[in-house]
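# This is a predicted model, with the sequence first.
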Amino acid sequence: MNSNIRILVVDDDPDIRHLIRIVLETNHYRVTEAHSGLEALQMLRGQPNYDLIVLDIMMPEMDGIEACKSMRQFSTVPILFLTAKTQIGDMADAYGSGGDDFLPKPFSPTTFLMKVESLLRRYRTYKGKREQYDDIPFQLDTDRRCVIKDGQVVDLTAKEYEIMLYLYLRRGFVVSVKEIYEDAWGDKYMPASTNTVMVHIMNLRKKLEVDPAAPQYIRTIWGKGYQFG
């Protein structure tokens with residue numbers, strides 16, 4: 001049950017807040033609402049134990065980008081941006097401000113819930129920790145959302161980080177391309193999604209493996225998927 005999970009929904013449109021409240025409360029989440037970034041920031045300072053923030057970008061008083069930047073000064077709570085702004089630059093601003101995921105409006109309740117559940121699962125298991133296995137020469141820093149290798153930050157894209165986190169949490173287990181795609185992208189898997197995942201895995205290997213052509217840590221399990229560790 002989700003009755004102990006608290007989600008702060010921030011949007012200046014009361015109809016959107018109401019719709020999101022219905023979707024979340026139907027799935028037994030506890031919902032609090034804020035009408036602006038400034039109000040959300042004040043609420044988070046006063047009640048820091050929210051499990052997730054759903055944050056619009058275009059709002060009065062303080063927009064979502066500025067609110068997120070301010071929140072990141074004192075909180076690692078996962079933040080899901082909802083916005084009608086879908087250009088690459090807008091997405092970069094959202095992730096660059098400290099956001100964890102991005103969902104364009106309009107969106108389906110199913111896709112929205114997949115995003116929410118993915119973020120909550122990830123942070124419940126791995127919130128604010130830096131983990132390292134003794135036999136693996138790099139570590140995942142979830143505070144900064146990056147990988148550290150030989151004492152240096154490895155430059156990962158947002159999706160590369162999401163895939164790496166998903167694999168890291170399931171070390172030793174074989175995970176399918178479908179599972180990786182639906183977790184990292186928060187969308188329904190389609191056959192064409194396989195190539196998207198493959199390209200991101202190849203890029204991760206180039207950045208993390210000693211020999212990307214013969215990977216030691218992110219291995220392909222033919223006919224099944226991938227295995228980390």
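Great, that's in hand.

# which SS class is residue 53?
Using DSSP: H, G, I helix; E, B strand; the rest coil, the structure places residue 53 in strand.

# mind saving the C-alpha coords of stretch 164-171 as CSV?
Extracted C-alpha coordinates of stretch 164-171, given in CSV (Å, rounded to 0.1, in the frame of the first residue of the first chain):
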residue,chain,number,x,y,z
MET,A,164,23.2,2.7,-14.9
LEU,A,165,21.2,3.2,-11.7
TYR,A,166,18.7,0.5,-12.8
LEU,A,167,21.5,-2.0,-13.5
TYR,A,168,23.4,-1.1,-10.3
LEU,A,169,20.3,-1.7,-8.2
ARG,A,170,19.9,-5.2,-9.8
ARG,A,171,23.5,-6.3,-9.7
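
# who's in contact with the closest residue in space to residue 219 that isn't next to it in sequence?
In space, and not counting its chain neighbours, residue 219 is closest to residue 227: 5.1 Å by CB to CB, 6 or more residues apart in numbering. For every residue, glycine as well, the C-beta is placed using N, CA and C. Contacts for residue 227 (CB atoms under 8 Å, 6 or more residues apart in numbering) come out as 172, 173, 174, 175, 219, 221.

# Just list whatever residues bridge to the closest residue to the second one other than its chain neighbours.
Same thing as residue 173. Spatial nearest neighbour of residue 173, excluding adjacent residues (CB to CB, 6+ apart): residue 227 at 6.9 Å. Beta bridges link residue 227 to residue 174, residue 219 when assigned by DSSP bridges.
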